[in-house]
Structure formats: C-alpha cells, structure tokens
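Peer 1: Next come a sequence and a model predicted from it.
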Amino acid sequence: MRTACLVTLFITYTIAGYIGGIITARFYRMFNGSDWLFSASMSAVLYPALVLSIIVITDLIDVFERAYTGFPFSLLAVVGLFYVFITIPVAYAGAYKGFVMKPIKVPTKTSRMAREIPPQPMSRDIKVLVALFGGIIFTSVYFEFLYVMRSVWHH
C-alpha cells in the first residue's frame, strides 16, 4: 500500500512537471518571449530546487541533532536522482510542446481611455481589511504559539 502511494505520487509529480512546462511556455510566449529554454529552466529548476534544498538542510539539522525524524539519505538521493533524470527532461518536453502551440490570445483589448473608479463600499476599505485579516493571522499565530509553549512546559 505504501509503495503504491509513493509510485502514484511520483507519477503525479511527473505529469505535473509536464503540464507546468506547457503552461509556463505558453504564458511566456503570450508575453512575446522567444527563449523557451529560459522559461523551461525557471519552471523545472527554480522552485523544486528551492524546496529540495530546504528539505536537505532540515534533514541535515535533524541528523546533527540526532533526531529520529529525519529522512534517510538514500531516500533523498533517490528523490534527487528522480528529479534530475525524470522530472527536468519531462518539464523541458512540456515547455517545448507549449512553445510550439499557438500562443494564448487575450480575449479583450485594453482601452487607453481612463475611466473613473466608482467609490468602494466600506468592506473594501484597506483599513478594515488590514484590521480584519491581521486579526485573523495574529489569532492563529497566537494559538499555535500557545500550543507549542504549553507542550514544551507541560502545563
């Protein structure tokens, strides 16, 4: 069961890399880009490499602290090899496919005439929104911090 979930995860990640390459190249071409290799490189390498490096650094910290929550190095090596030899070429293939497709057409034309923006209701006022969402974020962070402190101090 665990192996089937892992295989499904890898297949889904590979398909997502292909689709991500297509969408990246089509948007890049829509904005009159001509270097599809650059857009493919950014799509295939930038975000996954950042995530993988954060995982590796976190795992190294776990190893140095002798924690048992770290991933085995062999698993990280397999994921890295999978990423380099499967996901990056698939993302490049998707980017090539997306670049040779017809570019996305914007459905409307932008008018150069300036229009007056009507007054907004109070619920869209920036001061109300900052207070509302700032309060939500503060409350969630407060309760998470409270939970951690109570578990650390056993109260």
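Peer 2: That came through fine.
Peer 1: And the spatially most central residue of the chain, how far from Ser41?
Peer 2: Nearest residue to the geometric centre of the chain (Cα atoms, centre = their mean): Tyr47, 6.3 Å. Distance of Tyr47 to Ser41, computed by Cβ to Cβ, to the nearest Å: 12 Å. For glycine as for every other residue, the C-beta is placed from the backbone atoms N, C-alpha and C.
Peer 1: Please enumerate the helices of the chain.
Peer 2: Shown for the chain, the helices assigned by DSSP state H span residues 2-30, 36-41, 47-64, 73-82, 88-100, 126-153.
Peer 1: any chance of those helices in CSV, plus mean pLDDT and distance to Glu116?
Peer 2: Formatted as CSV, the helices of the chain follow (pLDDT from 0 to 100; distance: least, Cβ to Cβ, whole Å):
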stretch, mean pLDDT, distance to Glu116
helix 2-30, 86, 30
helix 36-41, 87, 38
helix 47-64, 82, 40
helix 73-82, 80, 54
helix 88-100, 92, 39
helix 126-153, 91, 19
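Peer 1: Let me have those in CSV, extended by distance to Ala114.
Peer 2: Below are these laid out as CSV (distance: least, Cβ to Cβ, whole Å):
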stretch, distance to Ala114
helix 2-30, 25
helix 36-41, 33
helix 47-64, 37
helix 73-82, 52
helix 88-100, 35
helix 126-153, 22
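Peer 1: circling back to that earlier point, what's the separation between the residue nearest to the centre of the chain and Gly134?
Peer 2: From Tyr47 across to Gly134, the span is 28 Å (Cβ to Cβ).
Peer 1: Please apply the same query to Pro89.
Peer 2: Distance, Pro89 to Gly134, by Cβ to Cβ: 45 Å.
Peer 1: higher neighbour count, these two?
Peer 2: Between Pro89 and Gly134, counted using other Cβ atoms under 10 Å, the more crowded position is Pro89 (15 against 10).
Peer 1: circling back to that earlier point, please identify which of the helices of the chain is closest to Ser111.
Peer 2: helix 2-30 (19.7 Å; Cβ to Cβ).
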